[in-house]
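Peer 1: my questions are about this predicted structure, shown below with the sequence.
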Amino acid sequence: MPPTPEKGAFSDIPVDVGPQYEGQRVRGPETYVELGGPKSEYKFELFRVRKLEEIEDGKVVLVGPDISELKEGSVTPYAVILEGAGKGLESEGEGVLERRIHEFSNYIQGYMHLNQRYDIWLRISKKAYQKGLNSFKYIGTVLYRLFKSAFPILEKLRVIIITDPRVVELLYPQAMKVYEERDRRALGLRDEDADMFYACKLCQSFAPTHVCIITPERPSACGAISWLDARIAAKIDPKGPIQPAPKGRLLDPVGGEYEGANEVVRKLSNGAIQRLKLYSLFEYPPTICGCFEIATFYIPEFDAVGLVHRGYTGITPIGLKFSQIADTVGGGKQVPGFQGVGLLYLRSKKLFQASGGWMRIIWMTSELKQRVLDSIPPEFKDKIATEKEATSIEELRKFLIERGHPIIEKLKEVEKVRTEEKVPPTQPTPTAPQVQPPTPQVVIQPQPTPTPQQVVIPQVVSGLTLVFKGVKIRAEKLVIKKGSTGESK
């Protein structure tokens, strides 16, 4: 391994390295090679704690073809394993250090890193390759130096990068067992018993208004950080992206709103997010960037939601794929009914408790349902449809009626009341009030507006008046341009 250059310098790396590249995107046409991602079944990243005598410090190991040996435009199974050792370093800190792979990888110009654990998706740009980023040894070297610089507790560190498809596939089940064991440790804790929550802003380079409040019963939406992980992270790296968030006074025990958490979110989002209800689908829901494991989507015909995981490539009953739903969910916005969550949250007793919990979930992918089947209440196990039973609203309606889902009875009661009151039937709206987030973005609300409104914008130019009926509009600015003849358009 080449010697470390002067402090803060990466003069021996062919591309720039620094936090200014966090949030970078490498689009399809700009990509030289893709590593992991949705087109690759096997991919993962791990941090494992070892004994000091087991590690050769500074060693970068490559198993499989190097970047220069990969075909341009190819998709390769990919695994990154960091092994660290040091006095005081315990296995409980593995998840915390592992999550920083995402941050430090994005320091490398032209090396895009998305997601975490078994969902990693990386791309190397053509420009970076042309500049000389033609070996994974450069990437391993950067990770080694950044980790050693950020965490003095790491006395020794080894980086292993695997591109051999057979080896990645062989090690994948072992990695999954590690993740499952971490999650199991976190399941016995309760929010009421914790004296402190934690706020993570690791993803603000991608979504500046997003702040993740991590509690024992509401783990991170990326699925990589539990409350135990966050507590350790705050101790290991006091100035890092995960900070203590005092709970403060409990304002809403059902919705999960805490005065202290609101203050932290308000501060770290620069005022964009004012309030947060941790267990709500519709009222002041938590935000997310783009690293979530699972997306919820609102189904207005039933006043309920569906769940779709990142690896699902099919169509949901609302006619959208995961990628399309993700555009609505991510970006640090509060969108009622559309929310990003981690797999571990589906095992929480406080899962969407302010919105009905499991009763409000009427569709989910079959793979996801199988993974959390033991956490679904017995009375709902056979009443939640998957893509095998329903891929359209009509198929879903038929399934719910046949299985006797309580959501159908609820809708009948609502319809009966409307009939008695002689109110024309409309699509049901969520029982929780609709909340407009203060961020300057156009948000498409998943539920219909109860009463039509008329908005009249006074004349902005001579002879022009804008009238909008039955809509809600939020826009950063309105631009009125003139044509070449000088007439207002």
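Peer 2: Now that the structure is in, tell me what you want to look at.

Peer 1: can you give me phi and psi for Pro173?
Peer 2: Dihedral angles of Pro173 (phi, psi; degrees, to the nearest 10) stand at phi -60, psi -30.

Peer 1: oops, could you answer that again for Met364 instead?
Peer 2: According to degrees, to the nearest 10, Met364 has phi -160, psi 160.

Peer 1: can I assume it is in contact with Gly306?
Peer 2: Yes: with contact defined as CB atoms under 8 Å, Met364 reaches Gly306; the gap is 6.3 Å. From N, CA and C alone the C-beta is placed, and that goes for glycine too.

Peer 1: name the helix or strand of this structure that has the lowest mean pLDDT.
Peer 2: strand 454-461 (a mean of 39; mean pLDDT, DSSP states H and E).

Peer 1: give me the sheet partners of the helix or strand hosting Gly306 and which way each runs.
Peer 2: Using DSSP states H and E, Gly306 maps to strand 304-309. Looking at strand 304-309 with DSSP bridges, its partner strands are strand 294-299 (antiparallel), strand 361-364 (parallel).

Peer 1: contacts for the last one?
Peer 2: Looking back up the chat, that one is strand 361-364. 299, 302, 304-308, 316-317, 352, 380, 383-386, 390, 396, 400, 405, 407 (CB atoms under 8 Å, 6 or more residues apart in numbering).

Peer 1: please flag which of those residues sit within strands.
Peer 2: If you go by DSSP state E, those have Ile299, Ala304, Val305, Gly306, Leu307, Val308 in strands.

Peer 1: show me the beta-bridge partners of the residue lying closest to Gly306 once chain neighbours are set aside.
Peer 2: The shortest distance from Gly306 to any non-neighbouring residue, by CB to CB, 6 or more residues apart in numbering, is to Trp363 (3.7 Å). In this entry, Trp363 is beta-bridged to Gly306, Ala385, by DSSP bridges.

Peer 1: distance of Trp363 from Thr215?
Peer 2: 27 Å (CB to CB, to the nearest Å).

Peer 1: likewise Val49?
Peer 2: Distance from Val49 to Thr215, by CB to CB: 25 Å.

Peer 1: I'd assumed Met112 was in contact with Val26.
Peer 2: Yes: between Val26 and Met112 a contact is recorded at 4.2 Å, counting by CB under 8 Å.

Peer 1: quick check: neighbours shared by these two?
Peer 2: Arg123, Ile124, Ser125.

Peer 1: pLDDT weak spots in the protein?
Peer 2: Where the chain drops to pLDDT under 70, the residues are 1-9, 414-489.

Peer 1: can I see the domain layout of it?
Peer 2: 19-186, 191-419, 449-489 (automatic domain parsing).

Peer 1: okay, these, which one's buried deepest?
Peer 2: Of all those, domain 191-419 carries the top mean neighbour count, a mean of 20, counting by mean count of other CB atoms under 10 Å.

Peer 1: just to revisit the earlier point, need the domains of the chain in JSON lines (columns: distance to Asp12).
Peer 2: What follows is the domains of the chain, written out as JSON lines (distance: least, CB to CB, whole Å):
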{"stretch": "domain 19-186", "distance to Asp12": "8"}
{"stretch": "domain 191-419", "distance to Asp12": "25"}
{"stretch": "domain 449-489", "distance to Asp12": "44"}
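
Peer 1: Ile232 is in contact with Leu97, isn't it?
Peer 2: No: using CB under 8 Å, Ile232 is not in contact with Leu97, being 9.3 Å away.

Peer 1: contacts for the strand holding Gly306, please.
Peer 2: 281, 293-299, 316-318, 322, 325, 337, 343, 346, 360-365, 367-368, 407.

Peer 1: at 6 Å instead, please
Peer 2: With CB atoms under 6 Å, 6 or more residues apart in numbering as the test, strand 304-309 has contacts from 294-299, 316, 322, 337, 360-365, 368, 407.

Peer 1: before we move on, what about stretch 21-35?
Peer 2: By CB under 6 Å, 6+ apart, stretch 21-35 touches 70, 72, 74-76, 78, 106-107, 109, 112, 122-126, 129, 205-206.

Peer 1: redo that, cut-off 7 Å
Peer 2: The contact list for stretch 21-35 (CB atoms under 7 Å, 6 or more residues apart in numbering) reads 67, 70, 72, 74-76, 78, 103, 106-110, 112, 122-126, 129, 205-206.

Peer 1: also stretch 391-399?
Peer 2: Here stretch 391-399 has contacts from Glu301, Ile315, Pro317, Ile362, Trp363, Ala385, Glu389, Ala390, using CB under 7 Å, 6+ apart.

Peer 1: which of those lies closest to Gln20?
Peer 2: The nearest member of the contacts of stretch 391-399 to Gln20, counting by CB to CB, is Ile315 at 38.8 Å.

Peer 1: now the closest one, nearest residue through space, not along the chain?
Peer 2: Ile315's closest residue in space is Thr391 (CB to CB, 6+ apart), at 5.6 Å.

Peer 1: tell me which residues touch the residue positioned nearest the centre of the chain, please.
Peer 2: With distances taken as CA atoms, centre = their mean, Phe292 lies nearest the centre of the chain, 2.0 Å away. By CB under 7 Å, 6+ apart, the contact list for Phe292 reads Ala221, Cys222, Val329, Gly340, Val341.

Peer 1: how about Ile124, what does it touch?
Peer 2: With CB under 7 Å, 6+ apart, Ile124 has these contacts: Tyr32, Val33, Ile67, Gly110, Tyr111, Leu133.

Peer 1: stretch 204-217: end-to-end distance?
Peer 2: 23 Å (CA to CA, to the nearest Å).

Peer 1: repeat for stretch 344-351
Peer 2: 10 Å.

Peer 1: quick one: that stretch to chain centroid distance?
Peer 2: 16 Å (CA atoms, centre = their mean, to the nearest Å).

Peer 1: show me the contact partners of it.
Peer 2: Taking CB under 7 Å, 6+ apart as the rule, stretch 344-351 contacts 183, 186-187, 191, 217-219, 223, 226, 256, 279, 357-358, 372, 375.
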